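Trainee: predicted structure and sequence below. I'll ask about it afterward.
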Amino acid sequence: MNKTDVLIIGAGPTGLFCAHQLGIIGLNCEIVDNLDKAGGQCIELYPDKPIYDIPAVPECTGEELTNNLLQQIKPFNIKFHLNERVEELKKNQNRWHVRTSGGVKFDVAAIIIAGGVGSFEPRKFPVKECEKFEGNNLFYSIKDKSIFKDKTISIFGGGDSALDWAIELSNTSKVNLIHRRDGFSGAEASVQKVKELNDQGKLNLFTKCQMHSVVGDKNIESVKIKHDEGDIKEIKSDYVLGFFGLIMQLGPILDWGLNINKKTVEVNTENFETNINSIFAIGDICSYPGKLKLILSGFHEGALAARGCFKYAKPDEKLRFEFTTTSKAAQERLGIKK
Amino acid sequence: MAKITYHTQDNKTHTIDVQNGLTVMEGAVQNDIPGIDADCGGGMACATCHVYVKEEWLDKLPAKEDGEEDMLDMAFEPKNNSRLSCQLIVSDELDGLEVNIPSKQG
């Protein structure tokens, strides 16, 4: 059981800065995120795209913003729990007991949901019968590539993941790469490599095709793919892989009894607390009259939510408002030596 | 101002006056038309504002910019008449546009 003052759900810019604000006022926190790295949408959706509306930062990329925020919270030695999704909350007297998908447990005084538009999950095939093969013969990510050796693999997608795996697996497996158009979004060098392998007969490329259906009872035997022109081809397959990027899903948050409105959590604007005491929501996931989905708004919301947590974490103490320029306590917490 | 017609999965038709300068996505979201999630808020980064454009409008719309087709690879059941509605900026020329909203965004 990890015992701390506050659990932050979501390691995007809002969650990261909120951790800083908690640290400044002397509260400890730990952060959970479903992705394998911090940064949230900034890292997952637009690491290279410039952002122009961070106050006092004329221009920076999503990656730079994330790195700067991580740098800023370094003095607080915050523990991250990545690749974990929060599944369950239980009230235990004045505390919350929290459990994640990987079985990590927390005992906290308050929870701050900074979950953006939800947790990132792989996008799945539209074809219904894919579900029953998922995890056995059909995957959206690869954990153990050795299972594919000497098998026939049908890979769907046109981005870097699809191309890279098609190239890699073509060394040891029979690979079919199926994509909906002639163009690819993956790196040009990979596209060239895939075309070469196709010309050499080391890989079969099918473009302007999409999945039509999967054939098989317990295991996949083949997939049927449909060309833009309408003809359907059946290709033998032992395994099917789909790489269509990630989509954001609200997931278990929906079951916690929060007031949800259009995939967002309703909060007050005094301290961004939800309808449940000691659960706060900040950033893109919260809604209130006038809400702007900007990173700078998330920073403001996090500063107030952090202070809102104080009375739950330290019920016998009073929080004094202080500036980092002059507060000795804040400077000590930041590790500043004078 | 342009009249934009959204056909939703529940077989309903919504015809809305959308101000010039807004996107077809914003027209739907601001008028509570179901089926357009627009998770990224119009940044062409998520493919959850995917629509099917009525065939006769395909050539009349501004061409896709770099990146829209890449994002459409990720959309749920993309077709030849797929567009991201956040990239369709409303003007008088779009008056009468009809789009179908897919059964799911992901």
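Mentor: Structure received. Numbering: from 1, shown residues only, chains lettered A, B, ... in the order given.
Trainee: interface residues of chain B facing chain A?
Mentor: Along chain B, the residues adjacent to chain A under the rule C-beta under 8 Å from any C-beta of the partner chain are B:37, B:39-41, B:43, B:45-48, B:69-70, B:73-74, B:76-78, B:80, B:104-106. To be clear about C-beta, it is placed using only N, CA and C from the backbone, and glycine gets the same treatment.
Trainee: again, 10 Å this time
Mentor: By C-beta under 10 Å from any C-beta of the partner chain, the residues of chain B that approach chain A are B:29, B:32, B:37-48, B:67, B:69-80, B:82, B:102-106.
Trainee: show me which of the residues you listed are buried.
Mentor: Using 16 or more other C-beta atoms under 10 Å in any protein chain shown as the burial test, the residues of chain B next to chain A include B:29, B:37-42, B:44-48, B:69-78, B:82, B:102, B:105-106 as buried.
Trainee: who does the helix ranked longest in chain B touch, helix- and strand-wise?
Mentor: If you go by DSSP state H, chain B has its longest helix at helix B:24-30. Using 3 or more C-beta pairs under 10 Å, 6 or more residues apart in numbering or on different chains; DSSP states H and E as the contact test, the elements touching helix B:24-30 are strand B:2-7, strand B:13-18, strand B:50-53, strand B:82-84, strand B:98-100.
Trainee: same for the second one, what does it pack against?
Mentor: Spelled out, that is strand B:13-18. For strand B:13-18, the packing partners by 3+ C-beta pairs under 10 Å, 6+ apart are strand B:2-7, helix B:24-30.
Trainee: next one: the longest one to chain centre, how far?
Mentor: Read it as helix B:24-30. 8 Å (C-alpha atoms, centre = their mean, to the nearest Å).
Trainee: would you map the helices across chain A?
Mentor: Under the criterion DSSP H, helices of chain A are mapped to A:13-24, A:41-44, A:62-72, A:160-169, A:188-199, A:295-313, A:328-333.
Trainee: got a list of contacts for the shortest one?
Mentor: Contacts of helix A:41-44 with the rest of the structure, by C-beta atoms under 10 Å, 6 or more residues apart in numbering or on different chains, involve A:10-13, A:16, A:35-37, A:47, A:49, A:51, A:60-67, A:69, A:116-117, A:120, A:245-246, A:248, A:283-284, A:295, B:39-41, B:43, B:45-46.
Trainee: now the buried members of these.
Mentor: Buried residues within the contacts of helix A:41-44, defined by neighbour count using 16+ other C-beta under 10 Å: A:10-13, A:16, A:35, A:47, A:51, A:60-62, A:64-66, A:69, A:116-117, A:120, A:245-246, A:248, A:283-284, A:295, B:39-41, B:45-46.
Trainee: for residue 98, give me its contacts.
Mentor: Just going to use chain A. Applying C-beta under 10 Å, 6+ apart, the residues contacting A:Val98 are A:1-2, A:7, A:9, A:30, A:32, A:86-90, A:104-108, A:111.
Trainee: oops, I was thinking of chain B
Mentor: B:3-7, B:13, B:15, B:51-57.
Trainee: format these as JSON lines; extra columns: neighbour count and pLDDT.
Mentor: Converted to JSON lines, those look like this (neighbours: other C-beta atoms under 10 Å in any protein chain shown; pLDDT from 0 to 100):
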{"residue": "B:Lys3", "neighbour count": "14", "pLDDT": "97"}
{"residue": "B:Ile4", "neighbour count": "25", "pLDDT": "97"}
{"residue": "B:Thr5", "neighbour count": "14", "pLDDT": "97"}
{"residue": "B:Tyr6", "neighbour count": "25", "pLDDT": "97"}
{"residue": "B:His7", "neighbour count": "19", "pLDDT": "97"}
{"residue": "B:Thr13", "neighbour count": "9", "pLDDT": "96"}
{"residue": "B:Thr15", "neighbour count": "11", "pLDDT": "97"}
{"residue": "B:Val51", "neighbour count": "26", "pLDDT": "97"}
{"residue": "B:Tyr52", "neighbour count": "19", "pLDDT": "97"}
{"residue": "B:Val53", "neighbour count": "21", "pLDDT": "97"}
{"residue": "B:Lys54", "neighbour count": "15", "pLDDT": "97"}
{"residue": "B:Glu55", "neighbour count": "10", "pLDDT": "94"}
{"residue": "B:Glu56", "neighbour count": "10", "pLDDT": "95"}
{"residue": "B:Trp57", "neighbour count": "16", "pLDDT": "96"}
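Trainee: distance to A:Leu258 added to the residues you listed, as JSON lines?
Mentor: Formatted as JSON lines, these follow (distance: C-beta to C-beta, whole Å):
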{"residue": "B:Lys3", "distance to A:Leu258": "38"}
{"residue": "B:Ile4", "distance to A:Leu258": "33"}
{"residue": "B:Thr5", "distance to A:Leu258": "35"}
{"residue": "B:Tyr6", "distance to A:Leu258": "29"}
{"residue": "B:His7", "distance to A:Leu258": "33"}
{"residue": "B:Thr13", "distance to A:Leu258": "34"}
{"residue": "B:Thr15", "distance to A:Leu258": "35"}
{"residue": "B:Val51", "distance to A:Leu258": "30"}
{"residue": "B:Tyr52", "distance to A:Leu258": "34"}
{"residue": "B:Val53", "distance to A:Leu258": "37"}
{"residue": "B:Lys54", "distance to A:Leu258": "39"}
{"residue": "B:Glu55", "distance to A:Leu258": "43"}
{"residue": "B:Glu56", "distance to A:Leu258": "45"}
{"residue": "B:Trp57", "distance to A:Leu258": "40"}
